[in-house]
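any chance you can model this:
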Amino acid sequence: MLRENHKIIVQFQRAADLLITAACFVMAYFIKRNILPTKLAGLTTNPNYYIVLLAIIIIWYISFNWFGIYRSFREHPFSWFFVNIVKACLAGLLVLNICLFMFHIRDMSRLLLGIFFVLNVSCLVAFKWGVMMVLQRIRAHGFNTRNVLIVGTRVRAESLIKSIDEDKEGGYHILGCFDTDPSKVGTAVINGYKVLGTMDMLRAYLEENVVDELIFAMPLRKIEDADKYIVMAESMGVRVRIIPDWQLHYLAYAPDVASIRISEFSGVQTLTLQSTPLNEGMLMIKAILDYGLAFIFVLVFLPVFILISLAILIVSPGPVLYRQERLGRNGRRFNVLKFRTMVMDADKRLDELRDMNEADGPAFKIKNDPRIIPWVGTFLRKVSLDELPQLFNVLKGDMSLVGPRPPIPGEVDEYEIWQRRRLSMKPGLTCFWQIAPRRNELSFDEWMKLDLEYIDKWSLQLDFLLLLKTAGAVLTGSGR
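Numbering: from 1, shown residues only. Below you'll find the model as predicted:
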């Protein structure tokens with residue numbers, strides 16, 4: 001359950017930091033009023049300390065985000081977080097004093113604010129250290145990891161591998177290396193990691209394995225058509241890192257959809273290209289809403305679950321649920337759950353029906369599929385209620401409420417490079433395709449472009465809009 005839960009962890013930190021800040025102000029208030037020596041103790045009845053506390057929560061929330069104290073522990077040492085916590089609290093204190101001055105609040109105790117600042121920094125640093133230690137322990141045991149593939153085999157790559165191996169708590173798992181020299185394939189680089197292939201084999205490897213990040217640890221000028229491989233990874237939604245030799249002018253490359261930033265990776269400064277949404281704060285809220293709303297929906301639709309299960313058992317004896325292997329984020333495999341709407345041997349009969357396929361591309365759809373259970377199966381597909389059990393996939397963390405539909409592995413094998421980028425976000429129960437007019441008449445490329453449009457335009461508002469429109473599509477029975 002810890003895999004893919006970074007967003008939830010950070011959102012928890014946001015809430016905890018504000019609670020800690022509020023508690024520190026309350027503690028400072030009681031220390032100043034009741035614990036300090038008589039000459040220093042006591043407080044005036046003005047100002048309204050509840051209003052001051054509210055102002056602190058708002059200002060500190062903005063300041064914490066401004067100074068980026070919620071960035072990944074993988075990419076920064078703890079000293080970086082310590083410095084930025086101090087900066088955030090100092091900035092918050094400065095803004096608070098400006099607000100007090102502007103609103104002519106002159107009775108605020110400076111000693112109270114000083115005590116609050118010391119408590120606030122101390123408690124936040126202790127809490128951040130605790131979270132970091134817990135995450136390091138979790139990652140050291142193989143959870144919440146990210147798979148990385150390294151391009152390069154020499155000094156720069158060896159140095160990177162050593163750095164990653166020494167930082168086991170960082171949560172990175174090295175798959176191996178790629179190189180331009182065919183004679184090195186199969187040879188060891190360092191620490192037991194081997195050269196898995198040459199650059200012309202990179203595409204096949206990315207398509208067949210779960211790779212979260214691709215790291216170029218050799219001079220780009222030594223890689224023929226290096227921009228081709230960067231574009232390929234970008235198109236697939238794989239994060240690209242480049243350990244630069246600051247000779248990027250060798251690349252005639254401008255990102256199509258990826259954003260570029262300088263970030264630290266296991267103690268090494270890298271140039272990072274990312275083609276998925278960067279707004280981690282909103283993505284954290286999305287993850288929390290997924291779990292919360294999925295739990296509520298399961299409770300609300302429990303009677304519907306029971307009625308559908310009974311209807312399937314009456315019409316077609318056998319399992320109520322159908323499990324099928326699908327691909328999630330970056331190709332992670334999981335079993336998607338659906339109400340069974342087809343006869344028991346539906347998968348075995350697929351080959352004999354392939355000539356009737358009405359969809360282009362790797363997808364398979366026919367208007368009157370003879371494998372569908374009469375009445376019940378047709379109705380469930382018409383109103384898309386066969387997808388309801390996927391709420392449990394959301395609770396498990398494999399899926400989101402809104403996102404590109406999870407594809408079958410066999411379909412993905414036939415994807416073009418640009419189509420694989422739809423795997424760069426966690427799959428969902430609904431997306432643009434589900435609410436599109438005459439969705440079953442859309443070509444496969446149009447379907448893929450709708451999913452990529454969702455990734456590029458993603459926002460919480462868009463998710464809520466899609467959920468509302470999906471409810472409308474269910475009521476009008478536009479499925480098939």
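
gap between residue 104 and residue 29?
Here residue 104 is placed at a distance of 21 Å from residue 29 (C-beta to C-beta, to the nearest Å). All C-beta spots, glycine's among them, are computed from the backbone N, C-alpha and C.

low-confidence ranges in the stretch 1-150 of the chain?
1-9, 72-75, 138-144 (pLDDT under 70).

residue boundaries of the helices in it?
6-30, 49-66, 78-102, 110-140 (DSSP state H, counting those that start in this stretch).

output the ones you listed as JSON lines; include the columns distance to residue 429 and mean neighbour count.
Listed next are the helices of the stretch 1-150 of the chain as JSON lines, based on distance: least, C-beta to C-beta, whole Å; neighbours: other C-beta atoms under 10 Å:
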{"stretch": "helix 6-30", "distance to residue 429": "18", "mean neighbour count": "18"}
{"stretch": "helix 49-66", "distance to residue 429": "30", "mean neighbour count": "17"}
{"stretch": "helix 78-102", "distance to residue 429": "36", "mean neighbour count": "16"}
{"stretch": "helix 110-140", "distance to residue 429": "28", "mean neighbour count": "17"}
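
for residue 376, which of those is the nearest?
Of all the helices of the stretch 1-150 of the chain, it is helix 6-30 that lies closest to residue 376, at 36.9 Å by C-beta to C-beta.

for residue 312, what are phi and psi?
phi -70, psi -40 (degrees, to the nearest 10).

pretty sure it contacts residue 340?
Yes: contact status for residue 312 versus residue 340: in contact at 5.9 Å, counting by C-beta atoms under 8 Å.

who touches both of these two?
Here residue 312 and residue 340 have 320, 373 as joint contacts, going by C-beta atoms under 8 Å, 6 or more residues apart in numbering.

just to revisit the earlier point, which of the helices of the stretch 1-150 of the chain sits closest to residue 425?
Proximity to residue 425 (C-beta to C-beta) singles out helix 6-30 among the helices of the stretch 1-150 of the chain, at 11.8 Å.

show me where this protein has its strands.
146-151, 172-179, 188-190, 193-198, 213-216, 239-242, 259-265, 268-274, 321-327, 333-339, 400-402, 428-430 (DSSP state E).

partner strands of the fourth one, parallel or antiparallel?
As defined by DSSP bridges, the strand partners of strand 193-198 come to strand 172-179 (parallel), strand 188-190 (antiparallel).

one more: the first one?
On the basis of DSSP bridges, the sheet neighbours of strand 146-151 come out as strand 172-179 (parallel), strand 213-216 (parallel).

any idea which of those strands is most buried?
strand 213-216 (a mean of 24; mean count of other C-beta atoms under 10 Å).

send the alpha carbons of it over as CSV?
The C-alpha trace of strand 213-216 is given here as CSV (Å, rounded to 0.1, in the frame of the first residue of the first chain):
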residue,chain,number,x,y,z
GLU,A,213,13.3,7.3,-14.5
LEU,A,214,15.9,7.2,-17.2
ILE,A,215,19.3,8.8,-16.3
PHE,A,216,21.9,9.9,-18.9
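
excluding chain neighbours, what is closest to residue 346?
residue 371 (4.2 Å; C-beta to C-beta, 6 or more residues apart in numbering).

residue contacts, that neighbour?
With C-beta under 8 Å, 6+ apart, residue 371 has these contacts: 342-343, 346, 349, 353.

quick check on it: phi, psi?
phi -80, psi -10.

need the pLDDT of it.
pLDDT for residue 371: 83.
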